[in-house]
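Asks: the following comprises the amino acid sequence and a computationally predicted model.
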Amino acid sequence: PAWDVSDGSGVIVAVLDTGVAYENYADPVSGKTFVKAPDLAQTTFVPGYDFVDNDDHPNDEDSHGTHVTGTIAQSTNNALGVAGVAFKCSIMPVRVLDENGSGTAESVANGIYFAADNGADVINMSLGWEVTNGVPSNPGQTVEDAVKYAYENGVTIVCASGNDGEPAVGYPAAYDQYCIAVGATGYDETRAYYSNYGSSLDLVAPGGDLTRDDNGDGYGDGIPQESYRVPGNCQSGFTLSWGEGTSMAAPQVAATAGLMLSMNPKLSPQQLSGMITSTCTDLGTPGWDFYHGNGLLDAAAALSSVELNSYYFAEGTTRLVNVAQARMKETDRIACMAEELKKMGASVEERPDGLIIRGSALRAARLDGRSDHRIVMALSLAALGLDEASIIDTAEAMGVTFPCLLYTSDAADELDGVDLGGRRII
């Protein structure tokens, strides 16, 4: 299980939404009294902001943001409600939507800038502009500039694809270059009827379908989390409520990114996106497809890719140790890599734990693999006698995006798990 290796400690996830029931507070202006959700009692919060009322108290006046937050970091092991995926991460509540779930491009953009400038590692946006007749409504340059700013400042942005049931992903999820777009599946792991799909879709995660009862429990198949007893009424108390939507799917991906960053805080948004999508469980047509993207989120596999994917350099040999993929029995992909490398003139020995690649003339192998995996680069730079800085510069120039650990070593035959006596350089 993912919790065996990470709980999200040390990571800040900003929830841009209707606010969060995160504090006990009496608003002197509106006269409303806000109460902290019982199942968020042990959840850690950092200061956020309310861009609807322009104050320092981003309390939830709808219920949506509290539900989303619960999926990410609801208090766990407390004999109450539901567990949060990254229950030890810190939540930054940023209110950009009003009590009706409506907001403006300006409020959303302001929320993104605030999160990026105040330490957020991940931004979850279970919100979006509608898609009509396959055409997404574009909020304009204001929001695009904001997501670009956050992305370039190292913030991973996760967005819901939208609930219009349309063949196009809504914005901001459709800003492909900067955001991870998440669609939804039902209990049967098929695309939920409402989930937007299309060329911008990265992956899917459970989003529920209240019109079905595939698990046979007598209730609609929703995603449960604690929220207001009466949506839109912050005075109504709390209950375990079942929701459906890509809004419920996106925070599962955001929380998984948080778990991964807790293991390795240096992972970039590009690396996280690649690792999450490359470890998905394939659904529908083999490989990436319009309805499921790269497939269904697999948090445990994504965390294994952080822990186990590594590259070792030694005496003219590049050792590709890919234990995570071997454990997932992806022998077909490893064999595909081997064939591609052989075509490039490399000597390749296949092993249960990966490949041993020899050939100092091999500068780089661009391995596209199956279409549902991101590009992997296998390098043989150490054999050229390059120093640490040169290896890093060359790797970056070649566009290496797959998360990896690079080591120097004098021994070519040391196996994974053995001290290589080298230096970590990336």
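Replies: Looks like it came in fine. This structure is a prediction, so every number in the text was calculated from the model and none was measured.
Asks: helices along the stretch 101-250 of the chain, start to end?
Replies: For the stretch 101-250 of the chain, applying DSSP state H, counting those that start in this stretch gives helices covering 105-117, 141-152, 246-263.
Asks: which residues touch the residue nearest to G245 when sequence neighbours are not counted?
Replies: Distances taken as CB to CB, 6 or more residues apart in numbering place N163 nearest to G245, at 5.0 Å, with adjacent residues excluded. To be clear about C-beta, it is placed using only N, CA and C from the backbone, and glycine gets the same treatment. Residues in contact with N163 (CB atoms under 8 Å, 6 or more residues apart in numbering) are 184, 194-196, 245-247.
Asks: mind doing that once more with 10 Å?
Replies: Neighbouring residues of N163 by CB atoms under 10 Å, 6 or more residues apart in numbering: 128, 130-131, 170, 183-184, 192-196, 207, 244-247.
Asks: and of those, the nearest to I91?
Replies: S247 (15.9 Å; CB to CB).
Asks: so for the closest one, what's the pLDDT?
Replies: The confidence metric pLDDT takes the value 97 at S247.
Asks: that one: neighbouring residues, count only.
Replies: Using other CB atoms under 10 Å, S247 has 28 other residues around it.
Asks: how near is the residue lying closest to N124 once chain neighbours are set aside to P47?
Replies: Spatially, and ignoring its direct neighbours in sequence, N124 is nearest to A254 (3.8 Å; CB to CB, 6+ apart). Distance, A254 to P47, using CB to CB, to the nearest Å: 19 Å.
Asks: ok, these two, which is more surrounded?
Replies: The neighbour comparison of A254 against P47 (other CB under 10 Å) goes to A254, with 31 against 11.
Asks: buried residues in stretch 22-30, which are they?
Replies: Applying a neighbour-count criterion of 16 or more other CB atoms under 10 Å, one finds Y22 buried in stretch 22-30.
Asks: can you list contacts of that stretch?
Replies: With contacts defined as CB under 10 Å, 6+ apart, stretch 22-30 is touched by 15, 32-37, 40, 43, 45, 48, 53, 55, 57-61, 65-66, 69, 91-93, 234.
Asks: ok, 8 Å please
Replies: For stretch 22-30, contacts defined as CB under 8 Å, 6+ apart pick out 32-37, 40, 43, 45, 53, 57-59, 69, 91, 93.
Asks: neighbour-wise, give me the winner out of those residues.
Replies: T69 leads the contacts of stretch 22-30 on contacts (other CB under 10 Å) with 31 neighbours.
Asks: where's that one, which helix or strand?
Replies: helix 64-73 (DSSP states H and E).
Asks: buried stuff in that helix?
Replies: Buried residues in helix 64-73 (16+ other CB under 10 Å): 64-73.
Asks: let's have those in a markdown table, adding pLDDT and distance to P286.
Replies: Listed next are these as a markdown table, based on pLDDT from 0 to 100; distance: CB to CB, whole Å:
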| residue | pLDDT | distance to P286 |
| --- | --- | --- |
| H64 | 95 | 35 |
| G65 | 96 | 37 |
| T66 | 95 | 39 |
| H67 | 95 | 34 |
| V68 | 97 | 32 |
| T69 | 97 | 36 |
| G70 | 95 | 35 |
| T71 | 96 | 29 |
| I72 | 97 | 31 |
| A73 | 96 | 35 |
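Asks: for these, work out which two are farthest apart.
Replies: H64 and A73 (15.8 Å).
Asks: including distance to D27, could the helices of the stretch 101-250 of the chain go into a markdown table?
Replies: Converted to a markdown table, those look like this (distance: least, CB to CB, whole Å):
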| stretch | distance to D27 |
| --- | --- |
| helix 105-117 | 18 |
| helix 141-152 | 27 |
| helix 246-263 | 25 |
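Asks: for S6, find the nearest of those helices.
Replies: When the helices of the stretch 101-250 of the chain are compared by CB to CB, helix 246-263 sits nearest S6, at 4.2 Å.
Asks: relative orientation of the closest one and helix 64-73 in degrees?
Replies: With axes from the mean of the first three to the mean of the last three CA atoms, to 10 degrees applied, the angle from helix 246-263 to helix 64-73 works out at 40 degrees.
Asks: can you give the distance of helix 246-263 from its chain's centre?
Replies: In terms of CA atoms, centre = their mean, to the nearest Å, the centre of helix 246-263 is set 5 Å apart from its chain centre.
Asks: with just CA atoms, put the next helix or strand after it into PDB.
Replies: Downstream of helix 246-263, the first helix or strand assigned by DSSP H and E is helix 269-278. The C-alpha coordinates for helix 269-278 follow below in PDB (Å, rounded to 0.1, in the frame of the first residue of the first chain):
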ATOM      1  CA  PRO A 269       5.900  19.100 -11.900                       C
ATOM      2  CA  GLN A 270       7.000  17.500 -15.200                       C
ATOM      3  CA  GLN A 271       8.500  14.500 -13.400                       C
ATOM      4  CA  LEU A 272       5.500  14.000 -11.200                       C
ATOM      5  CA  SER A 273       3.100  14.100 -14.100                       C
ATOM      6  CA  GLY A 274       5.300  11.600 -16.000                       C
ATOM      7  CA  MET A 275       5.500   9.200 -13.100                       C
ATOM      8  CA  ILE A 276       1.800   9.300 -12.200                       C
ATOM      9  CA  THR A 277       0.600   8.800 -15.800                       C
ATOM     10  CA  SER A 278       3.200   6.200 -16.700                       C
END
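Asks: heading C-terminal from the helix holding T69, find the next helix or strand.
Replies: Following helix 64-73 in sequence order, the next helix or strand is strand 90-95 (DSSP H and E).
Asks: next one: that following strand to chain centre, how far?
Replies: Using CA atoms, centre = their mean, the offset of strand 90-95 from its chain centre is 17 Å.
Asks: now V108: how far from Q42?
Replies: V108 is 29 Å from Q42, by CB to CB.
Asks: the two - which one has more neighbours?
Replies: Each of V108 and Q42 has its neighbours counted (other CB under 10 Å); V108 has more, 26 against 15.
Asks: right, I'll leave it there.
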